[in-house]
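Engineer: what follows is a predicted protein model with its sequence.
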Amino acid sequence: MKLCIPIEQPAELNSVVARHFSDAASLLIFDTETMETQTIDLQNQHACGLQIEIDVLLTPNMGKGALARFADQGIRIYACTTGQSANDAMTQFGRGELPELVKARCCGQSHHHDQPAGGGCCQH
C-alpha cells in the first residue's frame, strides 16, 4: 500500500505534516510493502494536479475539488494532525485512529457522510 502525506519540508519519516494539502512544499510517499520513501517536490507545481499512484492520503485539511478528484480515483483520504511527524500520522493510520476525511471534515468544516463528497469544504 502506498501512503501519501503533504509535508512542509522533506525529512523522510520525520517530515512535519503540512497544515493543508494545497500548502505542502512536498509530498512524502511511503510504500508499506517495500518500506521505501519517495519525496515529490512541489516547488513548481500544485499538488492537486499531480498524477501519482497512491492508495491512501493522510492530510489535516483538503479543498473539496482535490478531495473529489482523489476520491474519484479510489484513493481513501484520512484526517491527520497538523504539525505532527509523517511517521506519527502513519502510526495512527495503522492503528485505525484516523477518521476518513470525507466522513469527518474538510478544511475544518463538519459535514455528514450522506452529503455529496466535499460538502462543507474549501471553495477551491
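Structural biologist: Nice, thanks for sending it over. The structure presented is a predicted model; accordingly, all values stated were derived computationally and were not measured. Residues are numbered from 1 along each chain as shown.

Engineer: contacting residues for Ile75?
Structural biologist: Contact partners of Ile75, counting by CB atoms under 8 Å, 6 or more residues apart in numbering, are 54-57. For every residue, glycine as well, the C-beta is placed using N, CA and C.

Engineer: can you do 10 Å?
Structural biologist: 2, 4, 52-57, 67, 69 (CB atoms under 10 Å, 6 or more residues apart in numbering).

Engineer: what does Thr32 give?
Structural biologist: So Thr32 contacts 1-3, 55-56, 90, 93-94 (CB under 10 Å, 6+ apart).

Engineer: now do the phi/psi pair for it.
Structural biologist: phi -70, psi -20 (degrees, to the nearest 10).

Engineer: how far away is it from Met90?
Structural biologist: Distance, Thr32 to Met90, using CB to CB, to the nearest Å: 8 Å.

Engineer: got any residues that touch both of those two?
Structural biologist: 3, 56.

Engineer: related to what we said a few turns ago, tabulate the contacts of Thr32 in TSV, adding columns for distance to Asp23.
Structural biologist: Formatted as TSV, the contacts of Thr32 follow (distance: CB to CB, whole Å):
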residue	distance to Asp23
Met1	25
Lys2	22
Leu3	19
Asp55	23
Val56	20
Met90	20
Phe93	20
Gly94	25
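
Engineer: out of those, the closest to Asn14 would be?
Structural biologist: Checking the contacts of Thr32 against Asn14 by CB to CB gives Met90 as the nearest, at 11.7 Å.

Engineer: thanks again, I'm all set now.
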